[in-house]
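**Student:** Here is my input; please provide its structure:
(one chain, ligands or ions: 1)
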Amino acid sequence: MKIGIIGAGNVGSALGKRLAKLGHNVTFAIRDPNSPKVRKLLEECPGEFEITILSGEIRNNDVIVLATPWDTVPAVIESCGDLSDKILIDCTNPLSGLSLDTGQGISGGEQVAALAFGAKVVKAFNMTGSKNMANPNFGNNKAAMIICGNHEEANNLVKGLAGELGFDTTIAGPLENARLLEHLAMLWINLAYVQGLGPDIAFGLLKR
Ligand SMILES: NC(=O)c1ccc[n+]([C@@H]2O[C@H](COP(=O)([O-])OP(=O)(O)OC[C@H]3O[C@@H](n4cnc5c(N)ncnc54)[C@H](OP(=O)(O)O)[C@@H]3O)[C@@H](O)[C@H]2O)c1
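**Tutor:** Numbers count the residues shown, from 1 in each chain. So this is what the prediction gives:
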């Protein structure tokens, strides 16, 4: 699958490195080829993916991953041009410091869908830390990856990708449930960095 990743930071690089190793055709769409994050990525994994400047070319991918800080999202999406009918994985959390910025009254996922008009937005990879995206295994257990979105086919495709990465995946209904996943992300952040449990924690979903 052709996967375009916007952002080469903690989340983008963790996902991109693993997806490339799984055989996907990964392109990082970045703003600055000389950014320390991009240089580190190229040093760690020479020749494993393409690097391009973010532009409308991003739509040449089958799937687009949005992994930039929340305050950059409007400008980043504008740089993408027409995203209609594209599958857009929204990994972002609408953070203001260590709090959720709910000033808009709707979830970040829905705000992304409003900005990326016509895109099939799937909220995913937001509710756990990037370290778990690099390795979701916890002994005999897998970290949970709960996702949501309004397009069944897109949800299933992203569920498949998360499964390939080793997560225990669950679809949690429509995109309006992104607010639940964003609150779950806040709980993870609080446990890891305020309560002091650190980033080697993940949520799991028990089933019987
Ligand atoms: N860190 C986590 O564990 C985690 C987990 C789940 C979700 N998230 C969410 O995922 C998103 C990314 O987090 P992160 O920790 O990966 O961030 P990060 O390490 O700070 O990386 C952000 C990336 O976005 C790029 N970027 C910033 N502004 C841009 C712009 N205007 N156009 C294009 N690219 C731009 C940065 O490029 P430069 O290198 O040029 O600055 C960098 O590559 C955030 O919304 C965060 O809330 C994070």
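**Student:** Leaving out the residues flanking it, which one is nearest to whichever residue of the chain sits closest to the ligand?
**Tutor:** Nearest residue of the chain to the ligand: residue 9, at 1.8 Å (CB to the nearest ligand atom). Yep, even glycine has a C-beta here, placed from its N, CA and C like the rest. In space, and not counting its chain neighbours, residue 9 is closest to residue 37: 5.4 Å by CB to CB, 6 or more residues apart in numbering.
**Student:** Secondary structure of the one you found: a helix, I assume?
**Tutor:** Yes: counting by DSSP: H, G, I helix; E, B strand; the rest coil, residue 37 is found in a helix.
**Student:** Please determine how far it is located from residue 113.
**Tutor:** Distance from residue 37 to residue 113, counting by CB to CB, to the nearest Å: 27 Å.
**Student:** so what's residue 171 up against?
**Tutor:** Shown in contact with residue 171 (CB atoms under 8 Å, 6 or more residues apart in numbering): 146, 147, 148, 155, 156, 159.
**Student:** contacting residues for the residue nearest to the spatial centre of the chain?
**Tutor:** Centroid-nearest residue in the chain: residue 91, 2.7 Å away (criterion: CA atoms, centre = their mean). Contacts for residue 91 (CB under 8 Å, 6+ apart) come out as 11, 15, 65, 66, 67, 124, 125, 126.
**Student:** if we can go back for a sec, pick out whichever of residue 37 and residue 113 has more residues nearby.
**Tutor:** residue 113 (24 against 16; other CB atoms under 10 Å).
**Student:** does that one really touch residue 175, like I thought?
**Tutor:** Yes: counting by CB atoms under 8 Å, residue 175 is a contact partner of residue 113 at 6.0 Å.
**Student:** tell me, what's touching these two both at once?
**Tutor:** Here residue 113 and residue 175 share the contacting residues 121, 150, scored by CB under 8 Å, 6+ apart.
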